[in-house]
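Colleague: here is my input; please provide its structure:
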Amino acid sequence: MWRSIAIFLIGGLLGTGFGVALGFFAFPYVFPPPEAMDSLTAEERSVLVARGEFIHANPSDPIHYGSGKVEVYEETVFLDADFEVGPGPKFHVYLVPKEQVRDSGDVKGTMFVDLGRLRSFKGSQKYAIPAGISLKDFPSVVIWCAQFGVLISPADLSFES
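Modeller: Reported below is the predicted structural model:
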C-alpha cells in the first residue's frame, strides 16, 4: 500500500515538473509578444556607420534562425521592419568584436556589448549604443539566447566609408 502511494506521489511530482518545464519552453511560441514598430528620429538617422543582414547561421537547426536587415548609427542599432527570429527565452542583442560569427563558440569568451533584451521576435526595433564604444571594433551584431548561451542569428556588418 505505502509503495503504491509513494509511486503515485513521485509520478505526480515528476509529471508536474515536466508540465511546468514544457510550459516555460512553449510559452513564447503560444503567446508571442506583439510585433515591434519602432522608428528612428531624424537625429538618430544622422550618420549611418554600418549595415548588415541577419542570417540563419546553421541551416540544419530549424529552431534558431533569423532574417532581416540591421543598420548601425553612431548611437543606435536599428533592426528593420523585415527583422524576424524564431521565438525563445531571454534573447539579447549583442555587438561582437569578431567577424563571421557562425556558432556559439565565436561569441563566448569575447568582450561583447550587450545592448539589451530583444523586445519582440518580429518587426523594427532600436537599441541605444553606450557612450565610448568604437563601432569599428565590432563587425558583428548577433541575437543571442542568454538563458542557454546559444547563438540565434548573426549579422555581418559592412561599414560605410
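Colleague: just give me the neighbour total for the nearest residue to residue 47 once chain neighbours are set aside.
Modeller: In this structure, residue 47 finds its nearest non-sequential neighbour in residue 74, 4.9 Å apart by Cβ to Cβ, 6 or more residues apart in numbering. In this view, the C-beta of every residue, glycine as well, is placed from N, C-alpha and C. Residues near residue 74, counting by other Cβ atoms under 10 Å, number 12.
Colleague: wouldn't residue 74 be in contact with residue 46 here?
Modeller: Yes. The pair residue 74 / residue 46 is scored as a contact, 6.9 Å apart, by Cβ atoms under 8 Å.
Colleague: follow-up on the earlier one: quickly note the distance from the residue nearest to residue 47 to residue 92.
Modeller: As defined by Cβ to Cβ, to the nearest Å, residue 74 lies at a distance of 21 Å from residue 92.
Colleague: the helix or strand of the chain with the lowest mean pLDDT pairs with which strands, parallel or anti?
Modeller: The weakest-scoring helix or strand in the chain, judged by mean pLDDT, DSSP states H and E, is strand 36-37 (a mean of 74). With DSSP bridges as the test, strand 36-37 is paired with strand 123-128 (parallel).
Colleague: can you pull the contacts of the residue nearest to the spatial centre of the chain?
Modeller: For the chain, the residue nearest the mean C-alpha position is residue 143 (2.9 Å; Cα atoms, centre = their mean). Counting by Cβ atoms under 8 Å, 6 or more residues apart in numbering, residue 143 makes contact with 54, 66, 85, 91-94, 118, 151-154.
Colleague: and it, bridged to which residues?
Modeller: Beta-bridge partners recorded for residue 143 (DSSP bridges): residue 93, residue 153.
Colleague: for residue 101, give me its contacts.
Modeller: By Cβ under 8 Å, 6+ apart, the residues touching residue 101 are 57, 107, 140, 142, 151, 154, 156.
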